[in-house]
Structures are given as structure tokens and as C-alpha cells.
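**Q** build the 3D model from these lines:
(chains A and B)
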Amino acid sequence: MNSNHLIAKIFEEIADALEFLGDNPFKVRAYRTASYILESLEEDISVYIQKGEKIFGIGEDLKEKILEFIKTGKIKKHEELLSKIPRGIFDIMKIPYIGPKTAKTLYEELGVDNIEKLKKIVESGDLLRIKGFGIKKLENIKKGIELYQKLSERYPIGEIYQDVINLKNYISSISGVQKVELVGSFRRFKETIGDIDILICSEKNISEDILKHPKIKDIFSKGDTKISFSYELSNTRLIQVDIRVVEERSWGAALMYFTGSKEHNILLREFAAEKGYKLNEYGIFRDNIYIGGRSEEEVYKILEIQYIPPEIREGRNEIELAKKYLIPKLVEITDIKGDLQVHSRYSDGIMDFWEIEAEALKLNYEYIAITDHSKSLKVAGGMEVEDLIRRNKEIKKFNENSKVKLLLGAEVEILSDGSLDYPDEILEQLDIVLASIHNVRKDEDITERYLKAMENPFVDIIAHPTGRLVSYREPYKLDLDAIFKKASERKIILEINAHYNRLDLNDINILKAKRYNVKFSIGTDAHNRNGFGMMGFGIKMAKKAILTKEDIINTLSYEELISFIKECRRHRISEK
DNA sequence: GCCGTTTTCGGCCCGACTGTTTTCAGTCG
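**A** Purely as a prediction, here's the structure:
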């Protein structure tokens, strides 16, 4: 479907192989950067090449290799390298403490070409015979193998969210700690997290106090300003935590550095160097004299570029935008006036209307769309038409005395032939109709189902369009361009499902959709009170895709929203 | 291998920690 990911994998392997062979480190970097860029493109790489669009980081040579892949399905250089290096070496290099150099020595001196052999060599102690290998290194490799099996996993951000907050709170409570911030991929809101990065401002050494935490297992390193350990999550799995401690005057520069991404940092530091500065985690310097770094804002100001929000620091084109002051004001959670996907007791939720109202009031919302499942989705308590009518009556009555408007809504199943699960005369009575797909046959392409459903004038929103579950289920097979194009023509809104398991659309797809000039809604898919808290995740996803308040319909007031939906429906009816 | 109004050749982000070392290489982020 999309060759970006496949080519990115190949480039990554070429980089590993070249590193193993001791090739030019900058060449290795070029392959890694290109791999990273490919993974974050909105369109298939062939589209850019066809249009003759230059992509920063992919030069003539790599372009040729990409074309070679598109034509033949493989890249000769890759095949050659694979034939030279045993497969198992690539796994060995993924083990902590083992880099290309160690892997090479192990291979050349002892013939270690897979993890099983490595385990045996470690047990036998033969390792110690090699020059430069001591007891400690042996112990580290042993630990590395263990960690490789336990730590090589990435977790959906929502799954570890509370653990991370708990750890932050613990650190905040240590005496001498002035500031604590969660940085790294957590601050950038990547949908999965591989390790936790924490930045601390403190004048005194607090390492010992931190390491008293009972959930800390192995300590990997412990210095004056940097400690690293494995931490037991509430699901009993382990995650690596890296902590850095800096002084007040370095706080901003350190925040920038540890928030990353790595690719963003490299680009920003190169830019700083061009202007005659040196930027590192301690501050921004000219001729080795400290000029600033207390806050992020200060550093950006010295560089004479716009402040770049953490969520978009992914090394895409954000620095170019910042140079021209073209980053718009991103949507904030305080812009949100209501939630557009909530389930009540009428389907598989557990909340009464008054409970929903109470939560909405806490969040200062004007409205909530009650979007219970439709009849075919039996597993989720889908409502028969009579139940829906009864529920609607009840909502209307509730609204007479409610401070929060409950919208008559439904999450209506798109059936296998693309028709909707309720007849039009029922849909017409609803304030808002979300259409979605939950039942998909193996390998089924659902594009046509969507396109057919989108012909119906009462479909206002497509909910969780790709159906993916973070880390657990791949997106359904579908042609997103066709869906986005249709959504644009028919004035159908695309949902950003904020539930941390879904985050659907995700940032890359939102960026892609935006080019079709569509609007978005953010819905939490709340089934219980805690569910409303997911809104923050949806907002972060929207920010990652540089969305503003104007892009998102639930920043509208109640009256504005109702008239907006009506206007879109009129457009669809007149088109038909 | 990429990139460029100081360069088409010669640069390429920058620093912490560890281990096996007598001044540094390897790994990591």
C-alpha cells in the first residue's frame, strides 16, 4: 500500500550494516535521517518524486535507490550488505551496551553471529580473553541481553500516562527539587513511548533520593547530572527512565535539548551554528560565552525565530516555518466547548444524563453529543429504533432544565453494503450523526463502504476513520485520499478520536487530510466519567498536526455548531 | 550520503557516563 515504511526499514538496515562495517559515520547518519523522514511523510514517496518535489535529506543517490525499490521491489546495495553480514548481527546490535564496534569484535574474535551464541559465550566467560573486555563489560552485556527482552517494547502513551505522572510527583516531593518536567517523546506527545525522560532543576545532588523509589529496578548509570534506570510500571513491565539535572540558568536550553526530537535538535543546532552560536543543553553561547538559556522563549528569541511548540518538534518543516513566523496559534484545550462522542447507558456506556452533565460542567462545556451505538453493533449494546426514539424524548426533556445541551446523536454503523444502520427518517431527527465501521472482514478494503455511506446526506462525521488501535491493530485497508476528497466535497467532518487506544486520525493523517480542506471534530469516546479526560490527548494530536481552533468544530459555541451542521446537511442535500 | 549568498569540496550537534584505560573509545540520547 505504502512503500515509505518498507524503504525506511531498508535504509535503517543499510545504516546498521554500514555502521557495523565501520563506514563513514556521516553516511550512516544520512541513511538514518532518510529513513526517519520517510516514516513521517504524508504521501507515498513516489508521489513527491513524480511531482519533482525535493525532500530535504534525500539527495540524488537515495532518490535513485528509492526509484530502484519502486521498480524492482528491492535495493541492490541492501541485498549485497545482507549477504555480507549474518542476520543475527542486526539483532545483537540492538542489545543495550552493544554497539557496532562491540558486535564486530564479538563476531571477528569469537564468531558470535546470533543472540543464542552470544548467551553461550557470556556464560562460558570466553569473552574475557578478548583485549578490552573486562568483568564489568561482561556483566553489562549479560544485563543488556536481559533488558533487550524486557525493554524493547514501546507503550501507547495513554497506557503509561498515570505511571509517568506518579513518578513526576514523587520527584517533585524530594527536598531541593525546584522544577520537574517530563520531556522527550512524552512532551512531544508521540503516540507510543519507548522510554521516559525527565528534566530536573536542582542546586543540590538528589540522585540518591530519587533512587530510593521502590519501583526502580536496575540502575544503568549514575553520575552527578545524569541517572538512568529501569522502572516498573503498574502493568509490571519495565521501562527505561533517563533523568538529567540542570541549573536554573540552563533550564530552557535543557528543556529544548531533552524534548528533542533528535532530528529537530540537529537541525536547530546547525541553524544556531550558521548564526554564529553554539547551542547545547547548558545554554546558547557565542565565543563560548553564555548568552541565554533560562527559558525556551529566550533561546528562540536569541535565534530570531518563532517559538516552536513541543508537539511539532519532529524535524519536519517546523524550523523553516518558525524562521518565517508562520506557525499559527495552535488549538488549546481551553478552546473546546463540548465533546462530540460520548456513550450513555442506552448503549455500552455507564453514565446517566445527569452524570454526563456534571462532568461537562466541570469542564466548562456548553454541549455534549450523546452518540450511542446503533442496532447492529450488538456487542456494544446497539439501540433498536424504538429505544433511540425513547432516548431522544428523554434527552429533550432533560435539556429543558439542563445547564449543558445534550445533542441527539448516534454512532451509526456503516453496514457491509455501505448502507446505514438506521433509516433516513430516523437519522434526520438527530442533531448529529457519526458514522463508523466496526466489523471488517479479513483483508477487506473498506473504501467503497465509506464512499457509499458518505452519499447519505445525514452523515455528519466519520468516526475513528482508520480503525487502528495504537500498538494493537493496524489501520483497516482503505484509500484515505478518496475518503478525504469525498469528505471535502460533501462537507463531512473527520473525527480525531481522542481515546489513547485509538488516536485516530493521527497526526500524519490529519496533516494529509488538511490538504483537502476538511474540518475535524475531537471526541473522547467516553463510556464513563474518566473517559472525558481523553480530550487532552486529542488536542495534543491536533497540535502535532498544526491545527488551529478554526479547524475544529467543537470549538464552536452551541448555536454556531448547530447552524454549522445544518448548513453542511443543506449542502449535501442540494448536491444529491 | 547530504548540502551550500562566505563553499560543488569539506564540512557534518554535542555532551554524559562507563570501562579499561594512563588519555580515550564506545555507547547512548
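**Q** so which strand or helix has the residue in the stretch 301-450 of chain A positioned nearest to DNA strand B?
**A** Taking Cβ to the nearest atom of the strand as the measure, the stretch 301-450 of chain A has A:Glu320 as its residue closest to DNA strand B, at 10.4 Å. In this view, the C-beta of every residue, glycine as well, is placed from N, C-alpha and C. Secondary-structure assignment from DSSP states H and E places A:Glu320 in helix A:318-323.
**Q** again, but for A:Tyr161
**A** When elements are assigned from DSSP H and E, A:Tyr161 belongs to helix A:157-172.
**Q** state the mean pLDDT of that helix.
**A** On average, the pLDDT along helix A:157-172 is 91.
**Q** give me the helices and strands touching the helix or strand following it, please.
**A** Using DSSP H and E, the helix or strand that follows helix A:157-172 towards the C-terminus is strand A:177-183. Secondary structure elements in contact with strand A:177-183, counted by 3 or more Cβ pairs under 8 Å, 6 or more residues apart in numbering; DSSP states H and E, are helix A:157-172, strand A:195-202, helix A:251-259.
**Q** got the CA coordinates for the second one in CSV?
**A** It refers to strand A:195-202. The C-alpha trace of strand A:195-202 is given here as CSV (Å, rounded to 0.1, in the frame of the first residue of the first chain):
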residue,chain,number,x,y,z
ASP,A,195,11.5,5.5,27.4
ILE,A,196,10.7,8.2,29.9
ASP,A,197,12.8,11.4,30.0
ILE,A,198,12.7,13.7,33.0
LEU,A,199,14.4,17.0,33.5
ILE,A,200,15.0,18.4,36.9
CYS,A,201,16.2,21.8,38.2
SER,A,202,18.1,21.5,41.4
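**Q** C-terminal to that strand, which secondary structure element comes first?
**A** helix A:207-210.
**Q** how about the last one?
**A** Sequence-wise, the next helix or strand downstream of helix A:251-259 (DSSP H and E) is helix A:262-274.
**Q** what is the burial count for A:Glu366?
**A** 18 (other Cβ atoms under 10 Å).
**Q** wait, isn't it in contact with A:Val404?
**A** Yes - at 6.7 Å, A:Glu366 counts as touching A:Val404 under the criterion of Cβ atoms under 8 Å.
**Q** what does the stretch 201-350 of chain A have sitting close to DNA strand B?
**A** Taking Cβ under 7 Å from any atom of the strand as the contact definition, the stretch 201-350 of chain A meets DNA strand B at A:221-226, A:240, A:242, A:258, A:262, A:265-266, A:269-270, A:272-274, A:278-282.
**Q** ok, 6 Å please
**A** If contacts are counted using Cβ under 6 Å from any atom of the strand, the residues of the stretch 201-350 of chain A sitting beside DNA strand B are A:221-226, A:240, A:242, A:265-266, A:269-270, A:273, A:278, A:280.
**Q** can you count the residues close to whichever residue of the stretch 201-350 of chain A sits closest to DNA strand B?
**A** DNA strand B sits closest to A:Gly223 of the stretch 201-350 of chain A, with a gap of 2.1 Å, by Cβ to the nearest atom of the strand. For A:Gly223, the tally of surrounding residues (other Cβ under 10 Å) stands at 10.
**Q** now do the SS call for A:Glu19.
**A** Per DSSP: H, G, I helix; E, B strand; the rest coil, the local secondary structure of A:Glu19 is helix.
**Q** which ones are touching it?
**A** With Cβ atoms under 8 Å, 6 or more residues apart in numbering as the criterion, the residues that contact A:Glu19 are A:Pro25, A:Val28, A:Met93, A:Gly99, A:Pro100.
**Q** that one and A:Ile85: what is the separation?
**A** Using Cβ to Cβ, to the nearest Å, one obtains 11 Å as the distance from A:Glu19 to A:Ile85.
**Q** secondary structure class of A:Ser416, three-state.
**A** Secondary structure assignment for A:Ser416 (three-state DSSP): coil.
**Q** check the residue in the stretch 351-500 of chain A positioned nearest to DNA strand B and give its pLDDT.
**A** The nearest approach of the stretch 351-500 of chain A to DNA strand B comes at A:Ser471, 19.3 Å away (Cβ to the nearest atom of the strand). Here, the pLDDT recorded for A:Ser471 equals 81.
**Q** need the nearest residue in space to it, chain neighbours excluded.
**A** Taking Cβ to Cβ, 6 or more residues apart in numbering, and ignoring the residues beside it in sequence, A:Ser471 has A:Pro156 as its nearest neighbour in space, at 5.1 Å.
**Q** could you report the pLDDT at the residue of chain A positioned farthest from its centre?
**A** Computed with Cα atoms, centre = their mean, the maximum C-alpha offset from the centroid of chain A is found at A:Arg129, amounting to 45.3 Å. We note a pLDDT of 82 for A:Arg129 in this prediction.
**Q** from the contact counts, what lies against the helix holding A:Tyr161?
**A** Contacts defined by 3+ Cβ pairs under 8 Å, 6+ apart place helix A:157-172 against strand A:177-183, strand A:192-193, strand A:195-202, strand A:238-246.
**Q** what's the offset of the shortest one from the middle of its chain?
**A** From the chain centre to the centre of strand A:192-193 is a distance of 7 Å (Cα atoms, centre = their mean, to the nearest Å).
**Q** what sits against A:Arg188?
**A** Taking Cβ under 8 Å, 6+ apart as the test, what A:Arg188 contacts is A:Thr259, A:Gly260, A:Ser261, A:Pro310, A:Glu311, A:Arg313, A:Glu314, A:Lys544.
**Q** would CSV of those with pLDDT be doable?
**A** Converted to CSV, these look like this (pLDDT from 0 to 100):
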residue, pLDDT
A:Thr259, 93
A:Gly260, 88
A:Ser261, 89
A:Pro310, 94
A:Glu311, 94
A:Arg313, 93
A:Glu314, 88
A:Lys544, 94
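**Q** neighbour-wise, which of these leads?
**A** Sorting the contacts of A:Arg188 by how many neighbours each has (other Cβ under 10 Å) puts A:Lys544 first, at 26 neighbours.
**Q** what count of nearby residues applies to the residue lying closest to it once chain neighbours are set aside?
**A** If you skip the residues right next to it in sequence, A:Lys544 has A:Asp507 as its closest partner in space, 3.8 Å away by Cβ to Cβ, 6+ apart. A total of 26 residues lie near A:Asp507 under the criterion other Cβ under 10 Å.
**Q** what distance do you get for A:Asp507 to DNA strand B?
**A** 21 Å (Cβ to the nearest atom of the strand, to the nearest Å).
**Q** wait, that residue touches A:Met541, no?
**A** Yes - with contacts counted by Cβ under 8 Å, A:Asp507 reaches A:Met541, the gap being 5.8 Å.
**Q** ok, A:His213 - contacts?
**A** Taking Cβ under 8 Å, 6+ apart as the definition, contacts of A:His213 comprise A:Leu167, A:Tyr170, A:Tyr231.
**Q** go again with 10 Å.
**A** Contacts here follow Cβ atoms under 10 Å, 6 or more residues apart in numbering; on that basis A:His213 touches A:Asn166, A:Leu167, A:Tyr170, A:Ile171, A:Ile174, A:Phe229, A:Tyr231, A:Glu232, A:Val241.
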